[in-house]
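# below are the sequence and a predicted model; questions follow.
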Amino acid sequence: MAVTLADVATRAGVSAATVSRVLSGNYPVAGATRTRVMRAVEELQYVVNGPASALAAATSDLVGVLVNDIADPFFGIIASAVQSEMGTGGEGGPGARKLAVVCNTGGSTERELTYLTHLQRQRAAAVVLTGSGVEDEEHGAALATRLRRLAASGTRIVLCGRPPLAPEADKQEREQQEQHEQNERRARQEHRQERERIAEDGRPSPGTGTAPATGTGTGTASAAGEGDGIVTVAFDNRGGSRRLTEHLLSLGHRSIGYVTGPANRTTTRDRLEGHRQALRAVAPELLAQAEQFTVHGGAYDRSSGYDGALELLRRVPDLTAVLAANDTVALGICAALRDQGLRIPEDVSVAGFDDLPFSADASPTLTTVRIPLHDAGARAGRLALGREAPPPGGVATVRTELMARGSTAPPAGRRG
């Protein structure tokens, strides 16, 4: 149930007009009063309507595209594909042309939530969130709350390259809690109005009490099902990583290092799990030393690959292959190996993930896993505009493809 201006006024103990003055900033308001109002706004997560305040049920022509780093080709390709869909519709209807605004979060969870709040204020027609999700329970709950509120207000939500939202908490319990809070707000408001009336004429109204309301109704719950209006275009990171490791194992490698991405990212987890699944299925004896062969916690950048490769060589001098969290990390690994006098793939094989444009032009050409990023971004754009029907269950999984190239070969002892 949407929080209203009156709810904020009740929580702050002021009039609705005072709340409006504080939020508009056009009238002088005492500092203490302003503080109470803003605290109530934050506690209730009240969202101020933007330029479309007079059109409460309408959405704007704005589509927000949230990316981690627009300079990263991974995000640039997706954002460009989403944006390319914005100008292909007609002048009216659900598929009409929209304005795509790219929001660069820099990997900040706080900035991600702030952008979503801004987009809700602007009544965005759609929001596309790209890339890996953050594995943090508190942030996950806050993100889910904002996205479901956006969806409930008519904004289409598409998650591109990240897992679906976790299921909502038990709906009955949530509805009862909302009803309880509504009753408490109503009781406080009635209590305040009664005190004001008593101050004016000195006697209470017959039958007026100050006890909290105790209604047990379940409120006006949305008729939509859980996650309604939120569509996911997920990448098969786990399956792609499994096939990549199987490729190295089939070449005869048994001393395989792995340089992961950031520790708290869903993509990092899924790709590492796929790697371990392949080891478990094909060479389970390697699992006992899997942690020794894994460098955790770097960023998705070249320097993390460089440092990770040096650490792996320190731990395992006879390393024959290295898997990278993504193609950019793989470039750093290749640079570190060359600086140590090692040849690729004659001495050490290297493989990446994503198949970014430079992968086919690297020397040697980089073995990797292809994600059709442009196609996925374009589909996310069509879903955001309502030009394509949502997939069954609201989740579409994008298949990945192994691209075996020149950077991987059998280990030296296995070559004929």
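Happy to help now that I have it.
# which ones are touching residue 298?
Shown in contact with residue 298 (Cβ atoms under 8 Å, 6 or more residues apart in numbering): 259, 260, 261, 262, 304, 305, 307, 308, 325, 329. For glycine as for every other residue, the C-beta is placed from the backbone atoms N, C-alpha and C.
# can you do 10 Å?
259-263, 268, 304-308, 311, 324-325, 329, 332 (Cβ atoms under 10 Å, 6 or more residues apart in numbering).
# Three-state assignment for it, please.
coil (DSSP: H, G, I helix; E, B strand; the rest coil).
# state the distance from it to residue 366.
According to Cβ to Cβ, to the nearest Å, residue 298 and residue 366 sit 18 Å apart.
# kindly report the same for residue 404.
10 Å.
# more neighbours: which of the two?
Set residue 404 next to residue 366 and count neighbours by other Cβ atoms under 10 Å: residue 366 wins out with 27 against 15.
# which SSE is immediately downstream of the lowest-mean-pLDDT helix or strand in the chain?
The weakest-scoring helix or strand in the chain, judged by mean pLDDT, DSSP states H and E, is helix 171-201 (a mean of 64). Using DSSP states H and E, the next helix or strand after helix 171-201 towards the C-terminus is strand 230-235.
# OK, contacts around residue 360?
Contacts for residue 360 (Cβ under 10 Å, 6+ apart) come out as 366, 368, 403, 405, 406.
# confidence score at the third one?
Note for residue 403: predicted pLDDT of 98.
# wait, it sits on residue 367?
Yes. With contact defined as Cβ atoms under 10 Å, residue 403 reaches residue 367; the gap is 6.5 Å.
# more neighbours, the two?
Taking neighbours as other Cβ under 10 Å, residue 403 and residue 367 compare with residue 367 leading, 28 against 18.
# number of nearby residues for the residue nearest to residue 160 when sequence neighbours are not counted?
In space, and not counting its chain neighbours, residue 160 is closest to residue 380: 4.1 Å by Cβ to Cβ, 6 or more residues apart in numbering. The number of residues packed near residue 380 is 29, by other Cβ under 10 Å.
# how far is the strand or helix carrying residue 380 from where the chain is centred?
Following DSSP H and E, one finds residue 380 within helix 373-385. Between the centre of helix 373-385 and the centre of its chain there are 16 Å (Cα atoms, centre = their mean, to the nearest Å).
# so which residues lie in contact with whichever helix or strand comes after it, not counting its own?
Counting by DSSP H and E, the next helix or strand C-terminal to helix 373-385 is strand 395-398. Strand 395-398 is touched from outside by 158-161, 163-164, 227, 230-237, 239-240, 371-373, 375-376, 379-380, 383, 388, 390-391, with contacts defined as Cβ under 10 Å, 6+ apart.
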